[in-house]
Structure formats: C-alpha cells, structure tokens
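Asks: curious how this folds, go ahead:
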Amino acid sequence: MLYFTRWKVAAIVLTALIVCLCAVPNFFPENVVKTWPKWAQRHLVLGLDLQGGSHILLEVDSAAVRKEKLEQIRDDVRRTLREARLGYTGLAVRGENVEVRVKDSDGPQALAKLRELSQPLGGLLGSSGQRSVDVTDAGNGLIRLTVPQPAVIERIRQSVEQSIQIVERRVNELGTVEPLIQRQGLDRILVQVPGLQDPTRLKELLGKTAKLDFRMVDASVSPEQAQTGRVPPESEVLQSSQAPKVPYVIEKRVLVSGADLTDAQPGFDQRGGEPIVSFRFNSTGARKFAQATTDNVGRPFAIVLDNEVISAPVIREPITGGSGQISGGFTVQQANDLAILLRAGALPAPLTIIEERTVGPGLGQDSIDRGTMASFVGSILVIVFMTLTYRLFGLFANIAVAINVAMIFGVLSLLNATLTLPGIAGIVLTVGIAVDSNVLIYERIREELRHGRTAINAIDAGFSRALATIMDSNITTFIAAAVLFYIGTGPVRGFAVTLGIGIITTVFTAFTVTRLIVAGWVRWRRPQHVPI
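Replies: Okay, here's the model as predicted:
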C-alpha cells in the first residue's frame, strides 16, 4: 500500500493539481477572467442567498392546457368528419368533454373514424396502455370524446418543458448573468436571476403568453352589432390593446401564426418616427402571408397578440417579401419587450407567478461573511485538534484536507455550479468527513502498533484495513446525497451537490494524497517508531 510507481505518483499529482487549478478563476475579478481563454473561464456562480437577486416561482395554467387540448380535439373532429363526408350537428366543448351528434346510420362509421384520433400514450419504456382520447357512444347518435387524466398530465409535462425553453430565451434576452431556470414538481418553473434587484420588467416578460396571430377583420357585421350578440360563428369580438379599448370583430381563422416568425427587431418608423417592431417570416410563413395579402387587398387585417388587437391596418397591396412591421403606439420599452417576446416564441400556456422574493446584495454579502467565518473557525478547530492528537500525521491530514477543499471548489467551478449557503454547509460537513477518514486510518495504525507490528508494517496495514470501513461509510453518505439531489429542490440540491462531490474527493485524498505524503515521509526518514 505504501509503494507507488512513478506513473501513479504522476497521475495523483497531476489529477490533484489540475482539479485545484480549476478553482483559480474564482479568486480573480470577472473583468480579468474574461480576457482568459474560453476553457479557463469556468467559475463558481453565487446563488441568490450569497449575492442577492430575484426569485420567481411560476405555475403553468393547467386549466388552459386542458381547454386548449379540448379545442384541438374539437377542430380535429370537425376536420375528420368533413373528410369522411359525414354530416354532424352540435359539435362543441361541453365541460370536460367534446360532443358531436351524427345520424344513427352514420354512428359506427363516425365512431371508427374518430377513434383514429386516439393515440397510445408512450414513453421511454413504450406504450403505457393509456390512450390520448377516449371516444364513447352516448346513444341517440351522440358521440362523446374525453381526455383521460394521464393524457392531461402528459400534456402539462410537455407544456412545462416547452415553457422552460421559452422562459430561458426571454430571461437571456435581458442580459442577466447565469440565471437558474428549472422545473419544480409537475407544473411549476423556478426562475432565479442573481444580481437582479428590480424584477418588474422580468415579471412583465414572463407573464405574457406572446401568442401572435395574423387574422382578417370580419366586415360583415359592425362591432356595435357584435356587442349585442350578433357575432358570426366563425368570428369573435376582441378588444384593442391600447386604451381606450376599441372592439373588433375578428375571424377565428388564423392566416399566419407567430410560430412562423424567424426574427423580430425594435426600430423606428421612417415616416413618423414612432417605435415599431420589424419582423421576418420563414419560407412557410412568407408564402402564407403573401397568399393572404394577395387575396385580401383592400380589406383590414388584424395583428393579434394574446387575444388583443395591436393594430388593424388595411392591406394596400400584396406583401411578398416575407417581412413587415408592427406599429401600435408603442413606447421604446414596449417595442423592445415585444421584440424579445416574439423572438423567444409563444408560451404553450399562460404562466402565473405564485411566489416572488428579492434578496438584497447587503443580505447576500452578510451571508458570505457569516459562511466564511463559520468555515474558517471550523477549519482552524479541526487543524488544531488533528495536530494535537496525531502530531506530524495530523499535519499530513491537514494538508490532505486543504487539497480536498480546493478540489471541491475546482470540480464545482468545472461544472459551473451555483454555490449557495447550504452548499457552504455541505463543504464544511465534507471537511468533517475527510478528517473522520484520516482518524479511522490513524487509529487503525495505532492499533497495529499496539499489536507489535513494525512502523512500516503498521502504517501499511492501517491504510489497507481501514479502506473497507471508509468506503462503506462514504458510499452510504453518497447514497443519501443522491436521494437529496433527486427529490430536493433549490437549496437542498445545492447541499447535496457539494456533499456528493466532497465524498468523492475525500475518498481520493484519503487513499492517494495522504498515503502518498506518508509514503514519501517513510522513504525519507526510515522511521523505527511512528509519531502518532
């Protein structure tokens, strides 16, 4: 156990040195680190409790997800029955179901066609046996389509995953540093933005669905008539986004959607100088937009954002270039925000802010000071205890523990991990675990010396026989850390990460670094007794 070949010595030294060097960027100002090569810029990110910032917890509107799913099924039913040339009446969403009535003679054929809309719910392990839609015959020609709960849960899960990507794009547009965006539970998203003290604009960006549609204005009925209830079935009444609110009768059919946008940039109108948003479509959107404007010259069309009409200009001529601009009495800030929303894309469902808090930079600095003091005092006490108890070997253990802590910071920096106050607690706990490993080794050496072994044999036996005990204890602790990481959120995960990394580095330093130092001392001094 005390003999090391040259390549083993080189491997141990290089591993410890490289990992420790990864922690170096944390000790230099950010403006200095940015001048370094890209690979050398990885560093620790301080959490909200250490540097201040904004914490926002969002919840996906599950009711809106269910409603959107039912409306999609309704549209699919209409399309399917029309393609099959089957007559129907009373197609509508009623409560948690979609209902449609067909002739009794067409019932079996309609059921067979509509059941083709139901797909198996699958996953990584294959089909779960559940279907996306339950289609039942309610009698008297009435067919009822229901979305089962597993299908709703799957749709919510997909909506959360899509929302996380869109929220991340919106937050990154603000130019913030290292935001944390992650899922919590089934339908919640955690957003933490370090250093952001005023979350007002962030909340405005996250609170908008940003669903953009281009639709035609229905000129067959006036807004006044529509407000009395005379709305065509293929149209709806929407209000303008600017005050005073002006009603518009808008066709439900979408000519082009915001999903076809490839870019959106704020700017100023060359004629009036007012803020605008210029946009560009992809090839599919450009083709749809060109066809729509060609077929409707002289008619007004509405630009609708989140069911509010931004503007309703008249189509003067076909627009075939695949680009255009949106004007609606914006301020410069509103134009910038709208461009951000359009670039990031529309949310699949509305997000509601259910928790918000802001940590001031002063409180964060106070947490750093207290955490640093606790770590310093704990480390000094450990160093004193080990030195007094094990003398020279205690000094060896202290060196190994210092390397252990440096390696923890190196690994965290390499992962660009976020360090929180519970994370510091995990590092302090790791120091105790590392010392405990050395204590087990040294007490085993003392026991071997009491049994009459020579100094070198006692040291060798102490390291080899303590290995199993130390591995068992560290594996069980690592399992606990893994469970905490899997089921925990936020601060709990931060604690679990530092603890898990610390356990790995502890095993490495206890059985390589400490052993290498002791082996070097043995070869140099050739001791007859062990100062332990």
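
Asks: elements contacting the helix or strand of the chain with the lowest mean pLDDT?
Replies: Lowest on mean pLDDT, DSSP states H and E among the helices and strands of the chain sits helix 223-227, with a mean of 76. Helix 223-227 sits against strand 235-240, strand 247-251, with contacts defined as 3 or more Cβ pairs under 8 Å, 6 or more residues apart in numbering; DSSP states H and E. Any C-beta I mention is one placed from the backbone N, CA and C, and that applies to glycine too.

Asks: okay, buried residues for that helix please.
Replies: The neighbour-count check on helix 223-227 (16 or more other Cβ atoms under 10 Å) flags A226 as buried.

Asks: centre of the chain to that helix, how far?
Replies: Helix 223-227 sits 45 Å away from the centroid of its parent chain (Cα atoms, centre = their mean, to the nearest Å).

Asks: what of stretch 87-98?
Replies: On Cα atoms, centre = their mean, the centre of stretch 87-98 falls 37 Å from the chain's centre.

Asks: start to end distance for that stretch?
Replies: With Cα to Cα, to the nearest Å as the measure, stretch 87-98 spans 16 Å from end to end.

Asks: using CSV, write down the CA coordinates of the least confident helix or strand of the chain.
Replies: Extracted C-alpha coordinates of helix 223-227, given in CSV (Å, rounded to 0.1, in the frame of the first residue of the first chain):
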residue,chain,number,x,y,z
PRO,A,223,-68.6,46.0,-33.7
GLU,A,224,-71.8,47.6,-32.3
GLN,A,225,-73.9,44.8,-33.7
ALA,A,226,-71.5,42.2,-32.5
GLN,A,227,-71.7,43.6,-28.9
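
Asks: which of the helices and strands packed on helix 223-227 sits most buried?
Replies: strand 247-251 (a mean of 20; mean count of other Cβ atoms under 10 Å).

Asks: report all helices and strands that that strand contacts.
Replies: Under the contact criterion of 3+ Cβ pairs under 8 Å, 6+ apart, strand 247-251 touches strand 212-216, helix 223-227, strand 235-240, strand 301-305.

Asks: right, and the helix or strand after the helix ranked longest in the chain?
Replies: Longest helix of the chain, by residue count under DSSP state H: helix 361-414. Where DSSP states H and E defines the elements, the next helix or strand beyond helix 361-414 is strand 418-419.

Asks: okay, buried residues for whatever helix or strand comes next after that following strand please.
Replies: Remark: after strand 418-419, the chain's next helix or strand is helix 421-450, criterion DSSP H and E. With burial defined by 16+ other Cβ under 10 Å, the residues of helix 421-450 counted as buried are 421-431, 433-435, 437-442, 444-446, 448-449.

Asks: so what does helix 421-450 touch, helix or strand wise?
Replies: Secondary-structure packing of helix 421-450 (3+ Cβ pairs under 8 Å, 6+ apart): helix 361-414, helix 455-487, helix 491-508.

Asks: reformat those as JSON lines; add distance to N140.
Replies: Output for the helices and strands packed on helix 421-450, formatted as JSON lines (distance: least, Cβ to Cβ, whole Å):
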{"stretch": "helix 361-414", "distance to N140": "67"}
{"stretch": "helix 455-487", "distance to N140": "50"}
{"stretch": "helix 491-508", "distance to N140": "56"}
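
Asks: what residue is smack in the middle of this protein?
Replies: Q182 (2.9 Å; Cα atoms, centre = their mean).

Asks: which strand residues bridge that residue?
Replies: Beta-bridge pairing of Q182 under DSSP bridges involves L190.

Asks: and stretch 27-36, how far out from the chain middle?
Replies: Distance of stretch 27-36 from its chain centroid, counting by Cα atoms, centre = their mean, is 27 Å.

Asks: what is the end-to-end distance of that stretch?
Replies: Span of stretch 27-36 from end to end, Cα to Cα: 14 Å.

Asks: and the contacts of it?
Replies: For stretch 27-36, contacts defined as Cβ atoms under 8 Å, 6 or more residues apart in numbering pick out P25, A40, Q41, H43.

Asks: tell me the angle the longest helix of the chain makes with helix 455-487.
Replies: 120 degrees (axes from the mean of the first three to the mean of the last three Cα atoms, to 10 degrees).

Asks: quick one: average pLDDT of helix 361-414?
Replies: On average, the pLDDT along helix 361-414 is 86.

Asks: picking up where we left off before, selecting buried members of the contacts of stretch 27-36 in PyMOL, what would you type?
Replies: Selection command for PyMOL covering only the buried members of the contacts of stretch 27-36, criterion 16+ other Cβ under 10 Å:
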select buried, resi 25+43
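
Asks: show me which pair in the contacts of stretch 27-36 is furthest apart.
Replies: Maximum pairwise distance in the contacts of stretch 27-36, criterion Cβ to Cβ, is 9.5 Å, between A40 and H43.

Asks: what sits in contact with each of those two?
Replies: By Cβ under 8 Å, 6+ apart, A40 and H43 have these common neighbours: P25, V33.

Asks: can you flag the weakest of the helices and strands packed on strand 247-251 by average pLDDT?
Replies: For those, mean pLDDT drops lowest on helix 223-227, to a mean of 76.

Asks: show residues contacting it.
Replies: So helix 223-227 is contacted by S235, V237, V246, P247, Y248, V249 (Cβ under 8 Å, 6+ apart).

Asks: apply 10 Å and report the result again.
Replies: The contact list for helix 223-227 (Cβ atoms under 10 Å, 6 or more residues apart in numbering) reads 217-218, 220, 230-232, 235-239, 246-250.

Asks: quick one: end-to-end length of stretch 255-272, please.
Replies: OK, stretch 255-272 end separation, Cα to Cα: 28 Å.

Asks: let me see the mean pLDDT of that stretch.
Replies: Here the average pLDDT along stretch 255-272 is 86.

Asks: list the buried residues of it.
Replies: Buried, per 16+ other Cβ under 10 Å, within stretch 255-272: L255, V256, G258, D260, L261, A264, P266.

Asks: list just the nearest of the residues you listed to S367.
Replies: Closest to S367, out of all of the buried residues of stretch 255-272 and judged by Cβ to Cβ, is P266, at 38.3 Å.

Asks: gap between the strand or helix carrying that closest one and the chain center?
Replies: Assessed by DSSP H and E, P266 sits inside strand 261-268. Between the centre of strand 261-268 and the centre of its chain there are 26 Å (Cα atoms, centre = their mean).

Asks: do stretch 169-182 as well
Replies: 10 Å.

Asks: where does the chain have low pLDDT?
Replies: Within the chain, the ranges that satisfy pLDDT under 70 run 1-3, 121-129, 175-178, 361-364.

Asks: what residue spans form the domains of it?
Replies: 6-51+362-525, 62-154, 211-330 (the TED database).

Asks: the longest one spans what distance, first to last residue?
Replies: In this case it means domain 6-51+362-525. Domain 6-51+362-525 end-to-end distance (Cα to Cα) = 20 Å.

Asks: same question, stretch 319-339
Replies: Length of stretch 319-339, first residue to last, Cα to Cα: 21 Å.

Asks: returning to that earlier point: can I get the domains of the chain in TSV with distance to P194?
Replies: Formatted as TSV, the domains of the chain follow (distance: least, Cβ to Cβ, whole Å):
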stretch	distance to P194
domain 6-51+362-525	5
domain 62-154	30
domain 211-330	27
